[in-house]
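1. Next input, structure requested:
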Amino acid sequence: MTTLKIHNIETAPEGSKSLLENSQKSFGMIPGLHGVLASSPQILKAYQTLHELFTQSSFNEDELTVVWQAINVEHACHYCVPAHTGIAKMMKVDDNITEALRNETPLEDSKLEALRTMTLTIVRNRGNVTEEELNTFYAAGYEEKHVLDIILGLSQKTISNYTNHIANTPVDGAFEKFAWSKENVVS
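-> Numbers count the residues shown, from 1 in each chain. Sure thing, here's the model as predicted:
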């Protein structure tokens, strides 16, 4: 059962109306998460801004997907895993990458696996990363800016994952075919 209201443009607070209109233009619909976030214009704006900034970061589409999905799966977000599966398909990310992330299995590409590992290390250890872990990440071809970009992605995902847990946001129809739950992980 949903525990937070899901707004549309008519029911949203005044400060969220234009933000939801932007969501409608961008996605052809108002994602349920955006409808929930609309109760607070500030968090909706923060989420949309973080999303835009993260997609403009140093990561390519595969890397964005690795960071997003590693966090979504670690946080067991019933809404974001299917949504980002659909987004990955739109971004033409290889299905093998998406399936490995959804199933918590190592990625075939060693550089992407290093990114997944560092992302999970940052999430699980709340940013407490050792020099050795950083050096392993750098040896895979990443730099300091990539560590900071992971934190940017984590900021965005914390807003969405935590909100979806509290709201129990229903998965949007466009992403229902990608339904996922932590209990069904095939590792």
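2. In contact with the one residue sitting closest to the centre of the chain, which residues?
-> With distances taken as C-alpha atoms, centre = their mean, residue 68 lies nearest the centre of the chain, 3.7 Å away. For residue 68, the contact set (C-beta atoms under 8 Å, 6 or more residues apart in numbering) comprises 80, 84, 87, 153, 157. Heads up, the C-betas are built off the backbone N, CA and C, glycines and all.
3. Among those, which one sits closest to residue 137?
-> residue 153 (14.6 Å; C-beta to C-beta).
4. Backbone torsions only: list them for the closest one.
-> phi -60, psi -40 (degrees, to the nearest 10).
5. Give the burial count for it, as a bare number.
-> Number of residues near residue 153 (other C-beta atoms under 10 Å) recorded here: 25.
6. How about residue 147?
-> By other C-beta under 10 Å, the residues close to residue 147 number 18.
7. just checking, it touches residue 135?
-> No. Assessed by C-beta atoms under 8 Å, residue 147 is found out of contact with residue 135, at 11.6 Å.
8. Would you map the helices across the protein?
-> Secondary structure of the chain by DSSP state H: the helices cover 14-27, 32-37, 41-55, 61-74, 80-90, 95-102, 110-124, 131-139, 144-167.
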